[in-house]
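In: I would like the atomic coordinates for the input below:
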Amino acid sequence: MPTESAPLTVFDAVRRAVNACDPDASSAAGADALARFEDRDEPLAGLEDPDRELAEVFGALDPQEEDPQMQMIRAVATYLAFRRDEVADSDESLIALAARAEYRGSPPEHVRAWLDERRVSP
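Out: Have a look, this model is predicted:
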């Protein structure tokens, strides 16, 4: 008899986004995002406006939107708010899908450079 998996929490989505964008756990962006969301154990599906709520918190972490890694962590977490069924996709796939959704295929130059370094095509 199949059992339902636990709902994806806000922290789970951010952790998955950090793992995808910073697999070596070597960046300050990833550490900052995890620290900011560590107590967010409510289901992601329960957020009234996940895009706005995530944007507000990430906006405090990167107000000028200068850190491409932070921007992609936000994009992946936001993408998962709407496509929770893709949480187990490969890192590259998840990043590409999130970049397409967030930037409609035209990310800012600094984000595009970050994607190019990882050989991910939006």
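In: how about the helices in this structure?
Out: Using DSSP state H, the helices found in the chain span residues 10-21, 28-37, 50-61, 68-82, 91-103, 109-117.
In: does Met72 really touch Ala99, like I thought?
Out: Yes - with contact defined as CB atoms under 8 Å, Met72 counts as touching Ala99 (6.9 Å). All C-beta atoms are positioned from the backbone trio N, CA, C, and that covers glycine.
In: so what's the closest residue to Val14 other than its chain neighbours up against?
Out: Computed as CB to CB, 6 or more residues apart in numbering, the closest residue to Val14 that is not its neighbour in sequence is Phe37, at 4.3 Å. If a contact means CB atoms under 8 Å, 6 or more residues apart in numbering, then Phe37 has Val10, Phe11, Val14, Arg15, Val57 as its contacts.
In: what does Arg112 give?
Out: Pro122.
In: just Asp22 next, same as before
Out: Taking CB under 8 Å, 6+ apart, we find Asp22 in contact with Ala29, Gly30, Gln69, Ile73.
In: most neighbours of all those residues, which one?
Out: Ile73 (31 neighbours; other CB atoms under 10 Å).
In: next, the contact list for that residue, please.
Out: By CB under 8 Å, 6+ apart, the contact set of Ile73 is Val14, Ala17, Val18, Cys21, Asp22, Ala29, Gly30, Ala33, Phe58.
In: count the residues that sit near the second one.
Out: When counting by other CB under 10 Å, one arrives at 29 neighbours for Ala17.
In: quick check: it touching Ala77?
Out: Yes - between Ala17 and Ala77 there is a contact at 4.1 Å, judged by CB under 8 Å.
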